[in-house]
Each structure stands twice: as C-alpha cells, then as structure tokens.
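*Asks:* Everything below, folded, please.
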Amino acid sequence: MERLVDKAWFLESLATDGSRLTHAIHKLPFRVGREAGNDLTVDARGLSRAHAEFQADNAGQLRLADLDSTNGTFVNRDRIRGSRLVAENDIIHFGNAEYRLGIETATRMAARVTANEGEQTMIVPKGSALTEKFVPHEREFRELLAGQGLSAAAQPIVHATTGTLFAYELLGRCEHPQLREPPGRLFDLARLLKLEAELSGAFRRHGIAQIAPKLGGVKVFVNTHPLETFTEAFFDELQALRLLPQAPDIVIEVHETAVMEIERMRELAARLTALGVSFAYDDFGAGQSRLNELGEVPPHFVKFDMGLIRGLHEASASKQKTVRDLVKLVLDLGSVPLAEGVELEAEAVVCRDMGFQLIQGYLTGKPVPISSL
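*Replies:* A predicted model of the protein is given here:
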C-alpha cells in the first residue's frame, strides 16, 4: 500500500560537473530502475528495468530491497540479499550508480531528477569496482564528530635529568564500533570530506574535558591541524577552554606546515599570548627546518622530530654535532628543547648530554587511556 513518508528522505547523486542532485523519496514504496514508470528512472550502466525498492519498515524505519537485479544493490559497498534497513548517510549503489541517502526538510528538497529512457541493461564486468564519488563511512564519521566514540590517550613528557612528570601530550582516539580506525586513517577520511579542522577540534575538546580534572597543575600539550591554526573558531575554542573551572595550562603544538611566513607567526604568537596559551614548534628538523621562524619568533618549546632522535647514540659524529648545535641554539633563544621518540636509555643519555631539558617516548611512558591516569 502506497503512503507518504514520515521523514523527508532523499537520494543524492553527483553530476559530472561536481554539482549535487537530490531525488526526493516522496512516497513508499519507492522504486528505482532503468525503465520509465519507476519513481526514480536512472539511465545508467548496470541498472535493471526494476532494480530496487525503498519500503516502509514495521518499526517506522526505511528498508531497501533488491528486486533480483542483474548487477546487485549495495549498501556501504556490501551487496544486499533480499532487503535490509538503511540509515542517513549510507552510500548506496544500484549496479554502478552511486547515491548517498539523506534526510532533509521538505521545503529544501530539490525536484526529483528523471533520466531519459532508451538504454538497455548492461552487465557490469565481473570484478568491476564500484564508484567512489561519496566517502565510505561518512555517517559513522559524522557521528564521531558529534561525540559518539570519541576517546583520548595521554603520553607523559618528563624532565630529562630527573624523570619527573612535566606534562602530558593529548592524543585523539576513536572507539566508534563501526569506525575502528587509527588517527591517521581518520584524518585521511576527514580530508576526503574536507573536515580535518573539525576532527582536530573534536579530539581536542573531548580530550581536554576528560583530562583537565586529572592534571593537578601539570601542563597539557595538544595538537592542531594546519587548516585551523588561524581560524576564529580555533581562538574562540581556546578562550572557552581557558575559562573552564579547572582550566588546563595548554601548550599548542604548531605543525611545521601551518605557518611559513614570519608575520603570520608573530600574529599567531600574539593571539596565543593574549589567551594565556603557550606554543611549541612540532616535528622540528623534519622537512622545513624552521630556523627562520625559530630565530624571529622563538616558541616556548621546540619538539625535535623523532627522526633526529631515533638511534642518535649510534649516529655519525657530524649528525650528533648538528643536533647538539641546534639544541644550543634553542636554549640560547630562551626556548625549551624536547626530544621526542626516545625509546632507549642510550638515546636518553645522549639527549641529556646534548642539553635536552624534556624527554618524551616509550622509554619514559607509552600513551595510556585518560581513564587510567
């Protein structure tokens, strides 16, 4: 029996010019296929005359059924057998025609796009890859940004000579049951969705809220993404964090690709100082050496890249002299040198001898869940 839908569901597709087209699911059942007379007629490779159908589920949810199509119906790249429930942001393929399922207010729904008739059903070659116009796991990723599955870990930073705790570095983690990915993979996904700054902020806000009551005056180093470094939203967030009842002593780690111009770096340093926030140059010695910025705008801390530190005790005399000279330069500028990635006591011995004041790495403490601090 045909009835109106309870929610303003729609299918979204991408045109060849990159523009997005929406196709309203205005009633249920809602049939998709190649032949005219379907609720959504798609003249695309691999669609059967009557390919699939959206149906109302007894629980009030939306169900998608494959109508014995030749080339299959896929939800999040998994071929369905019979029918299955679908949800907002699911990626749906009818054969090789790709759509994203969404919910929208009826007043903003675009007109349904109806394709031309005339093309016969084409058999998609065996093993042919599905298109990837939309990003897999987009729904789960957006749930993560909203707070579902956000987690955090902390790694200690210690005084080089005494080994006593100086600070923690905050590290974002994910415990979403359908998105068990390491941070690097999550940022790859964020890049595809152009949400890198949003992911960085979500990790930071969640982590600071969890760790602040446990710090007891200890500093917390937090990462930033280059795309957010100069946004007003970033500075507003820092101001809000500084106003928390248990306001943490924050050190912002500035990525080496975030700032390349001296005047911009001066501007950033001034904004952070006004907020009472320290900053560090991260990954010093990897790629751009940042010597120019270091001399003109010395940070509070300089984190030497682990590529310089690993195996330093076995490095050539020339490399050791280079690192030693850089440490002396950092100290002469009034900044604190931090050796990152120290795993062996032999590395730590050399770092102490060179003048490093802080050490971070598996030797002095691995990242642990904040709940265990």
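*Asks:* Give the buried residues for the longest helix seen in the chain.
*Replies:* Longest helix of the chain, by residue count under DSSP state H: helix 196-215. For helix 196-215, a neighbour-count test (16 or more other C-beta atoms under 10 Å) marks 196-212, 215 as buried. C-betas here are computed from N, CA, C, even on glycine.
*Asks:* cool, and stretch 224-237?
*Replies:* Within stretch 224-237, the residues that count as buried by 16+ other C-beta under 10 Å are 224, 225, 227, 228, 229, 234, 235, 237.
*Asks:* from the residues you listed, which single one is nearest residue 331?
*Replies:* The nearest member of the buried residues of stretch 224-237 to residue 331, counting by C-beta to C-beta, is residue 224 at 24.9 Å.
*Asks:* What does the closest one show for phi and psi?
*Replies:* Per-residue torsions, residue 224: phi -130, psi 160 (degrees, to the nearest 10).
*Asks:* What of residue 71?
*Replies:* The phi/psi pair for residue 71 (degrees, to the nearest 10) reads phi -110, psi 0.
*Asks:* For burial, what's the neighbour tally of it?
*Replies:* Residues lying near residue 71 (other C-beta atoms under 10 Å) number 22.
*Asks:* Check residue 8 and give its pLDDT.
*Replies:* On pLDDT, residue 8 comes in at 85.
*Asks:* ugh, typo on my part, it should be residue 118
*Replies:* pLDDT, residue 118: 38.
*Asks:* what's the answer for residue 115, then?
*Replies:* As predicted, residue 115 sits at a pLDDT of 37.
*Asks:* now swap in residue 3 and tell me
*Replies:* For residue 3, pLDDT reads 52.
*Asks:* Can you tell me the centre-most residue of the protein?
*Replies:* Computing the C-alpha centroid of the chain and ranking residues by C-alpha atoms, centre = their mean puts residue 187 first, at 3.3 Å.
*Asks:* Low-confidence regions, the stretch 251-373 of the chain specifically.
*Replies:* The model of the stretch 251-373 of the chain has pLDDT under 70 over residues 259, 287-289.
*Asks:* Quick one: the helices in it, in order.
*Replies:* Along the stretch 251-373 of the chain, the stretches classed as helices by DSSP state H, counting those that start in this stretch are 262-275, 291-296, 306-309, 317-332, 345-354.
*Asks:* Buried residues in the shortest one, which are they?
*Replies:* Judged by neighbour count (16+ other C-beta under 10 Å), helix 306-309 contains these buried residues: 306, 308, 309.
*Asks:* Next: the second one.
*Replies:* Neighbour-count burial for helix 291-296, counted by 16+ other C-beta under 10 Å, picks out 293, 294.
*Asks:* Other residues contacting that helix?
*Replies:* Residues outside helix 291-296 that contact it (C-beta atoms under 8 Å, 6 or more residues apart in numbering): 259, 260, 262, 265, 266, 281, 284, 302, 329, 330, 333, 335.
*Asks:* The same query, at a cut-off of 7 Å, please.
*Replies:* For helix 291-296, contacts defined as C-beta atoms under 7 Å, 6 or more residues apart in numbering pick out 259, 262, 265, 281, 333.
*Asks:* out of those residues, who's nearest residue 361?
*Replies:* Comparing the contacts of helix 291-296 against residue 361 with C-beta to C-beta places residue 281 closest, at 17.9 Å.
*Asks:* JSON lines for the helices of the stretch 251-373 of the chain, including distance to residue 339?
*Replies:* Formatted as JSON lines, those follow (distance: least, C-beta to C-beta, whole Å):
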{"stretch": "helix 262-275", "distance to residue 339": "23"}
{"stretch": "helix 291-296", "distance to residue 339": "16"}
{"stretch": "helix 306-309", "distance to residue 339": "5"}
{"stretch": "helix 317-332", "distance to residue 339": "9"}
{"stretch": "helix 345-354", "distance to residue 339": "4"}
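*Asks:* Mean neighbour count, those: which tops it?
*Replies:* With neighbours taken as mean count of other C-beta atoms under 10 Å, the helices of the stretch 251-373 of the chain reach their highest mean count in helix 306-309, at a mean of 19.
*Asks:* Using CSV, write out every CA atom in that one.
*Replies:* The C-alpha coordinates for helix 306-309 follow below in CSV (Å, rounded to 0.1, in the frame of the first residue of the first chain):
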residue,chain,number,x,y,z
MET,A,306,61.8,11.6,16.4
GLY,A,307,63.6,11.1,13.1
LEU,A,308,66.5,13.1,14.6
ILE,A,309,66.4,11.3,18.0
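*Asks:* Tell me the one among the buried residues of stretch 224-237 nearest to residue 366.
*Replies:* residue 224 (22.8 Å).
*Asks:* For stretch 334-344, list the C-alpha coordinates in PDB.
*Replies:* Coordinates of each C-alpha in stretch 334-344 appear next as PDB, following Å, rounded to 0.1, in the frame of the first residue of the first chain:
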ATOM      1  CA  GLY A 334      65.200  31.000  25.500                       C
ATOM      2  CA  SER A 335      63.100  28.100  24.300                       C
ATOM      3  CA  VAL A 336      62.900  24.600  25.900                       C
ATOM      4  CA  PRO A 337      64.200  21.700  23.700                       C
ATOM      5  CA  LEU A 338      62.200  18.500  23.900                       C
ATOM      6  CA  ALA A 339      63.400  15.200  22.500                       C
ATOM      7  CA  GLU A 340      60.500  13.200  21.000                       C
ATOM      8  CA  GLY A 341      60.500   9.500  20.300                       C
ATOM      9  CA  VAL A 342      63.100   8.300  22.900                       C
ATOM     10  CA  GLU A 343      62.900   4.600  23.200                       C
ATOM     11  CA  LEU A 344      66.300   3.500  24.500                       C
END
